[in-house]
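*Asks:* quick check, what structure comes out for this input:
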Amino acid sequence: MPASPSFRLIALFAAIIAVTPLAIDMYLPALPDIATGLQTNDQLVQQSLSIFLAFYAFGMLVFGPIADAIGRRPLAVFGLLGFTLSSILLSQVESASSLLAGRALQAFTGSAATVVVPGLIRQIYQEHTAKGMSYVSMMMMLAPLLAPAIGSMVLVVADWRMIFLVLAAYSSLILLIALPAFPKAALHAEQPRKKPEFFSAYQTVLSERQAQPLIAASMFASFSFFCFLTAVPFIYIGHFHADSSTFSLLFAANVLALIAANFINSRLVVRYGSVYLLQVAFGCAAVAATLLLAVSVVDAPLWAVVLAIVPLMASLGISATNADALILIRFPQLSGTATAVIGTLRFGAGALAGPLLALGGQTALLPFAVLMAIGVAGIGVSIWLSRQRRQSQLATSANAE
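*Replies:* As a prediction, the model looks like this:
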């Protein structure tokens, strides 16, 4: 592995990726105020979150191959600058339609900055990509942990428009820090290479037989993760009648579990490898998902549900990190495209979580547990298929010799 990057550089990568969770979570406490201020209904304002996720996924599709073709530094600068300007525009909107348009632009430009980071991590850490991904994920998790609280504090001293100005200030600060740091970080990434065609780059990534089950594993892990994000407020508050303080503590416990899981993964992945840790994480997730199903069937108390969910989320975090790293390693010249595929399927799977959970009732515990178990089962099938294809490839190579 090349010389280890500085803590400052890893923190910069995490800060860039954190743009997305900050943009998603910081304005959530202000949704009722936004609806009142724009004289519209809550449902229309809530659509701004779906619009953000959709255009973020679309932006990754567009910018992934562009990052591979023109280099990562100019795209990161464009993304952070666009995110800053769109956040300023959002602070000035006067209607629900302009809010939705502003969120679409914010997500689209923000995706240009975040799509370059996994490729930079792969270039720096090479075969130990999972270690770098773990470090960045561990730091980035502070964003969803702190974002709702930051949004709430802003509302104490100002109105909801200030939240978007805070986001603009954050992204502009990161841009100023990134400008002198990125030439060193992008050294390997900016080496001359054949520029891939847009659609052929996607065809190359999606047709790679060894990568296909890993992409599926990442997608299923993300599906379960978004099921948790979508359902847990209704489960904890609606089903168990937890107050806002209790909910915040329980949500923080899951975020801290994800941070701890990524720290452990960063310590172990160099010794044991991503393939082995992906399998171990699936085993732990399967046990936790089975426990969650059991406590849901008997309608156990809140503490029992939490004891099942916390290790499940930690296991899903390790699964996603190692699956993503294994995918990126397979595409040294197309890491931007591979990141776009991962991100698009991740947010696409997340978009399915809400409608599927609604079929079983938003506060119903058992449908939530079933969907979490389905996601974990999907990871297991994907790992099995990956192992089968790897063994088949080894057998073919042995016969050829």
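
*Asks:* how far does stretch 379-386 sit from its chain's centre?
*Replies:* Distance of stretch 379-386 from its chain centroid, counting by CA atoms, centre = their mean, to the nearest Å, is 21 Å.

*Asks:* quick one: contacts of it?
*Replies:* 210, 212-214, 216-217, 220-221, 278-279, 282, 285-286, 319 (CB atoms under 8 Å, 6 or more residues apart in numbering). Just so you know, the C-beta spots here come from the backbone N, C-alpha and C atoms, and that holds for glycine as well.

*Asks:* any idea of the mean pLDDT for that stretch?
*Replies:* Stretch 379-386 carries an average pLDDT of 95.

*Asks:* residues of that stretch that come out buried?
*Replies:* Going by neighbour count (16 or more other CB atoms under 10 Å), the buried part of stretch 379-386 is Ile379, Gly380, Ser382, Ile383, Leu385, Ser386.

*Asks:* show me the residues you listed that map onto helices.
*Replies:* Counted as lying in helices by DSSP state H, out of those, are Ile379, Gly380, Ser382, Ile383, Leu385, Ser386.

*Asks:* how much space separates the first one from Ser224?
*Replies:* Ile379 is 8 Å from Ser224, where distance means CB to CB, to the nearest Å.

*Asks:* where do the strands of this structure begin and end?
*Replies:* Ranges of strands in the chain, per DSSP state E: none exist.

*Asks:* for it, name the helix or strand with the lowest mean pLDDT.
*Replies:* Using mean pLDDT, DSSP states H and E, helix 129-140 stands out as the lowest-scoring helix or strand of the chain, at a mean of 66.

*Asks:* where does the stretch 301-401 of the chain have low pLDDT?
*Replies:* The stretch 301-401 of the chain contains residues with pLDDT under 70 at 351, 354, 361-363, 397-401.

*Asks:* and this structure, what are its domains?
*Replies:* 1-187, 198-401 (automatic domain parsing).

*Asks:* work out the gap between the shortest one and the centre of the chain.
*Replies:* It refers to domain 1-187. Mean C-alpha position of domain 1-187 versus that of the full chain (CA atoms, centre = their mean) differs by 11 Å.

*Asks:* cool, stretch 241-248 as well?
*Replies:* On the basis of CA atoms, centre = their mean, stretch 241-248 sits 25 Å off its chain's mean C-alpha point.

*Asks:* what mean pLDDT does that stretch get?
*Replies:* On average, stretch 241-248 scores 74.

*Asks:* who touches it?
*Replies:* Contact with stretch 241-248 is made by Pro148, Ala149, Pro233, Tyr236, Ile237, Leu250, Leu302, as judged by CB under 8 Å, 6+ apart.

*Asks:* buried only: go through those residues for me.
*Replies:* For the contacts of stretch 241-248, buried by 16+ other CB under 10 Å: Pro148, Pro233, Tyr236, Ile237, Leu250, Leu302.

*Asks:* give me the subset of those lying in helices.
*Replies:* Using DSSP H, the members of these that fall in helices are Pro148, Pro233, Leu250, Leu302.

*Asks:* check contacts around the second one.
*Replies:* Put plainly, it is Pro233. Contacts of Pro233 by CB under 8 Å, 6+ apart are Phe247.

*Asks:* tell me how far it lies from Pro29.
*Replies:* 12 Å.

*Asks:* go on, the first one?
*Replies:* When CB to CB is the yardstick, Pro148 and Pro29 sit 6 Å from each other.

*Asks:* give me the neighbour count for the closest residue to Ala35 other than its chain neighbours.
*Replies:* Closest residue to Ala35 apart from its sequence neighbours, by CB to CB, 6 or more residues apart in numbering: Val45 at 4.5 Å. Val45 is flanked by 22 other residues according to other CB atoms under 10 Å.

*Asks:* got a list of what Val45 touches?
*Replies:* Contacts of Val45 by CB under 8 Å, 6+ apart are Leu31, Ile34, Ala35, Leu38, Ala96, Leu99.

*Asks:* make a markdown table out of those residues and add pLDDT, neighbour count and distance to Val269.
*Replies:* Listed next are those as a markdown table, based on pLDDT from 0 to 100; neighbours: other CB atoms under 10 Å; distance: CB to CB, whole Å:
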| residue | pLDDT | neighbour count | distance to Val269 |
| --- | --- | --- | --- |
| Leu31 | 76 | 16 | 39 |
| Ile34 | 86 | 23 | 42 |
| Ala35 | 85 | 19 | 45 |
| Leu38 | 89 | 18 | 47 |
| Ala96 | 89 | 18 | 46 |
| Leu99 | 93 | 23 | 42 |
